[in-house]
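Novice: Structure for the following, please:
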Amino acid sequence: MNVYEEVSAFYAGYRGEKRVIGKSREGRSIYALFTGERGARTGIAVYAVHAREWITAYLAMQHVRRGLPRGGAWVVPLVNPDGALLVQEGIGSIASGLRGGLLYINGGTDFSLWKANARAVDLNVNFDAGWGTGKLNVRTPAPANYIGSAPFSEPETAALRDFTLAVRPAYTVSWHTKGEVIYWRYRQGALRAIRDKKYAKLLSRTTGYPLGEAAGSAGGYKDWCVEKLHIPAFTVEAGRESFSHPLGFSALADIVTKNLDVLAKFGQAF
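Specialist: Numbering: from 1, shown residues only. Alright, predicted model coming up:
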């Protein structure tokens, strides 16, 4: 099975609280599953925002299986299902009239390094937080870094925005690959930076990953959560730098070992 089929099967068999928060450009469901205590302070964890980082969806399922002894979290395992399938299965996974344009944008049939969605928009630069000001941003469709026509122009980012505003989480964590580093800053003032760094250090202790600065980045989900919701938000780049994109199942054990306890630790901290 491909990653979308595996996440769909996991969702179908899950007996806890769950919901479809939206649909992708190609009409695939974007799932969310709740784990932990209802009524407790709740976080949101998102995975596979970038197409080639589909391996993080398997970490998401492990997080749901692990559960939270305290606190609660909504887990969104596969934000970018269309892009993930484009990486895994190629242009045949796209059922719409987008195929010709995507092949042209990509420069061929090898989509293994593709990061964007089915409209060649990089979802992690499509949020309304410094939109279009990132140093790597581009303004035409591309395999990576295209900001889209406007903030939240894509159904995937709009769905995650609306879900986040409905949940009003205490924190968010976004799992990406690779590099084993944690990004936590986005233009916070001093007081919020002190608060957020405390949680970032907990994340660092749990994973063994150092804290880093994503200089020049903007428009990400973390950035939007920090700027607009004023909550602690983190991007975790999982997987050793020595691994090659797209990280596959050979990297999964290492990623799970270092990241499995994060939500449980955060549930206790918040």
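
Novice: hey, where'd the strands end up in the stretch 1-150 of the chain?
Specialist: 18-23, 29-36, 42-47, 72-76 (DSSP state E, counting those that start in this stretch).

Novice: Of those strands, give the one that comes closest to S204.
Specialist: When those are compared by Cβ to Cβ, strand 42-47 sits nearest S204, at 16.8 Å. For glycine as for every other residue, the C-beta is placed from the backbone atoms N, C-alpha and C.

Novice: contacts for the closest one?
Specialist: 34, 36, 53, 56-57, 59-60, 63, 71-79, 160, 163-164, 167, 169-175, 221, 263, 266-267, 270 (Cβ atoms under 8 Å, 6 or more residues apart in numbering).

Novice: List the strands paired with it, with their directions.
Specialist: Strand 42-47 has its sheet partners listed here by DSSP bridges as strand 72-76 (parallel), strand 171-177 (parallel).

Novice: got these as TSV, with distance to P151 and mean pLDDT columns?
Specialist: Below are the strands paired with strand 42-47 laid out as TSV (distance: least, Cβ to Cβ, whole Å; pLDDT from 0 to 100):
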stretch	distance to P151	mean pLDDT
strand 72-76	19	98
strand 171-177	17	98
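
Novice: will you turn those into TSV that also has mean neighbour count and distance to P143?
Specialist: Converted to TSV, the strands paired with strand 42-47 look like this (neighbours: other Cβ atoms under 10 Å; distance: least, Cβ to Cβ, whole Å):
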stretch	mean neighbour count	distance to P143
strand 72-76	26	23
strand 171-177	25	16
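
Novice: okay if I get these as a markdown table plus distance to F10?
Specialist: As requested, the strands paired with strand 42-47 are arranged in a markdown table below (distance: least, Cβ to Cβ, whole Å):
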| stretch | distance to F10 |
| --- | --- |
| strand 72-76 | 10 |
| strand 171-177 | 16 |
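
Novice: Out of the ones you listed, which is closest to S8?
Specialist: strand 72-76 (13.6 Å).

Novice: pull the CA atoms of that closest one into PDB?
Specialist: The C-alpha trace of strand 72-76 is given here as PDB (Å, rounded to 0.1, in the frame of the first residue of the first chain):
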ATOM      1  CA  GLY A  72      -4.300  15.600  24.600                       C
ATOM      2  CA  ALA A  73      -3.200  16.000  21.000                       C
ATOM      3  CA  TRP A  74      -4.700  16.000  17.500                       C
ATOM      4  CA  VAL A  75      -2.500  14.200  15.100                       C
ATOM      5  CA  VAL A  76      -2.700  15.100  11.400                       C
END
